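In: the following comprises the amino acid sequence and a computationally predicted model.
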Amino acid sequence: MDIAIGENLQNQSEMILAQTMNFAEIGVEYGLKLGTVIILVIGGFYLSSFISNMIRTKLSTVRGMDKNLIPVISQCCRYVILVIVGILVMSQLGIETTSLIAILGAAGLAVGLALQGTLQNVAAGVMLLFLRPLEVGDYIEAGNIKGTVDEIGLFMTRLHTPEGIFVAAPNGQLWSATLYNYSKLPKRRLDIQVGISYDDDIDKAKTVLQGIIDNEERFIDKDKSRVLVKALGDSSVNLEMRAWVDRLEYWDLRSKMIETVKVAFDNADINIPYPHRQIITEQIAATPKPSNGRRGAREQNLTGKKAA
């Protein structure tokens with residue numbers, strides 16, 4: 001009896017020990033896998049960022065390398081490394097290749113439906129890089145977006161305004177809007193409008209403006225310059241001076257020409273009138289009323305008729 005009980009206890013002890021060892025082996029196995037996954041994830045993110053920054057730095061020193069492609073190439077390399085790390089993590093978790101392909105397909109469909117706007121930005125970024133309506137360093141305007149382009153990425157374009165404000169514009173907005181690139185062409189036309197009094201001589205004012213064009217050395221293609229009568233305004237005759245300049249000189253010349261026109265008109269005694277409105281009033285004569293004498297005679301006449 002005692003022997004049977006002892007054997008039973010021994011068997012139970014061996015079973016408990018075997019299960020404990022089995023659980024320990026499973027814990028060690030999955031612990032190693034979990035540790036490997038954690039190391040892969042952390043190392044993958046660090047390695048992708050390091051390689052992306054290194055590629056960006058190296059390509060920036062390559063002579064003749066398109067600056068528009070540098071951020072895109074570095075970002076693509078980063079995402080490729082992250083995809084490889086993701087596949088290694090899934091293999092460590094015991095996911096089979098066939099299952100992995102099915103999961104990636106389903107996940108790609110779900111992500112594509114959920115991130116339509118993001119994928120649209122990627123497609124727009126590719127089109128911007130391929131068709132090149134803008135480049136790094138260009139000053140652009142697209143809808144409410146204005147600024148100098150600093151970087152064209154896969155998802156967004158980074159700009160800064162003349163006031164020193166950072167702007168991150170989604171590529172989809174730039175692609176769908178009408179885009180004005182003020183830096184694409186080598187020269188721009190400078191238009192200066194100024195009004196003169198109706199009492200001043202138009203030909204004299206046009207001669208003064210043409211002299212300003214002839215005396216400015218930074219104007220180019222002077223044979224294409226014009227001085228025109230733009231409109232007859234409420235308070236002035238509006239003239240417009242048109243001249244072509246190098247696009248890098250545009251803003252400096254614009255400010256200088258406005259000041260030069262004002263000084264030249266003052267020296268030539270040509271008035272730049274203030275806005276004013278002329279009001280003409282007319283006095284209308286009142287209709288004369290019947291005098292008291294006529295009214296009294298009329299009342300007497302009516303009274304006589306009633307008495308008769």
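Out: Ah, there it is.

In: partners of Glu141 in the sheet?
Out: With DSSP bridges as the criterion, Glu141 is bridged to Lys146, Tyr180.

In: so which residues of the stretch 1-150 of the chain form strands?
Out: Secondary structure of the stretch 1-150 of the chain (DSSP state E, counting those that start in this stretch): strands at 139-142, 145-152.

In: and those strands: which comes nearest Arg218?
Out: Closest to Arg218 of the strands of the stretch 1-150 of the chain, according to CB to CB: strand 139-142, at 19.4 Å. Yep, even glycine has a C-beta here, placed from its N, CA and C like the rest.

In: got the buried residues for the closest one?
Out: Going by neighbour count (16 or more other CB atoms under 10 Å), the buried part of strand 139-142 is Tyr139, Ile140, Ala142.

In: same question, stretch 79-94
Out: Buried residues in stretch 79-94, counting neighbours by 16+ other CB under 10 Å, are found at Ile81, Leu82, Val85, Val89, Met90, Gln92.

In: now do the buried residues in stretch 261-271.
Out: Val261, Ala264, Phe265, Ile270.

In: the residue nearest to Phe45 when sequence neighbours are not counted: what's it in contact with?
Out: Using CB to CB, 6 or more residues apart in numbering and skipping residues adjacent in sequence, the residue nearest Phe45 is Leu82, 7.4 Å away. Residues in contact with Leu82 (CB atoms under 8 Å, 6 or more residues apart in numbering) are Gly44, Phe45, Ser48.

In: tally of neighbours for the last one?
Out: In other words, Ser48. Using other CB atoms under 10 Å as the criterion, Ser48 is surrounded by 20 other residues.

In: is it true that Arg242 touches Arg189?
Out: Yes - here Arg242 reaches Arg189: they are 5.9 Å apart, a contact under CB atoms under 8 Å.

In: any stretches of the stretch 51-200 of the chain with poor pLDDT?
Out: For the stretch 51-200 of the chain, the stretches flagged by pLDDT under 70 are 62-66, 68, 95-104, 106-117.

In: helices along the stretch 151-300 of the chain, start to end?
Out: Applying DSSP state H, counting those that start in this stretch to the stretch 151-300 of the chain gives helices spanning 171-176, 202-215, 250-267, 292-307.

In: now do the domain split for this protein, please.
Out: 2-107, 124-181, 187-267 (automatic domain parsing).

In: Lys89 contacts Ile38, doesn't it?
Out: Careful, residue 89 is Val and not Lys. No - applying CB under 8 Å, one finds Val89 not in contact with Ile38, separated by 9.5 Å.

In: Asn144: neighbour count?
Out: Using other CB under 10 Å, Asn144 is surrounded by 9 other residues.

In: ok, now which ones touch Arg158?
Out: By CB under 8 Å, 6+ apart, the contact list for Arg158 reads Val149, Asp150, Glu151, Phe166, Val167, Ala168, Ala169.

In: ok, Tyr180 touching Gly143?
Out: No - with contact defined as CB under 8 Å, Tyr180 does not reach Gly143; the gap is 10.0 Å.

In: how near is the residue nearest the centre of the chain to Pro170?
Out: With distances taken as CA atoms, centre = their mean, the residue of the chain nearest its centroid is Ile145 (2.7 Å). Counting by CB to CB, to the nearest Å, the gap from Ile145 to Pro170 is 9 Å.

In: what's the answer for Leu185, then?
Out: Applying CB to CB to Leu185 and Pro170 gives a distance of 26 Å.

In: these two: which is more packed in?
Out: Pro170 (18 against 8).

In: name whatever forms a beta bridge with that one.
Out: When assigned by DSSP bridges, Pro170 has beta-bridge partners Met156.

In: enumerate every residue touching it.
Out: Going by CB under 8 Å, 6+ apart, Pro170 touches Gly117, Asn121, Ala124, Phe155, Met156.
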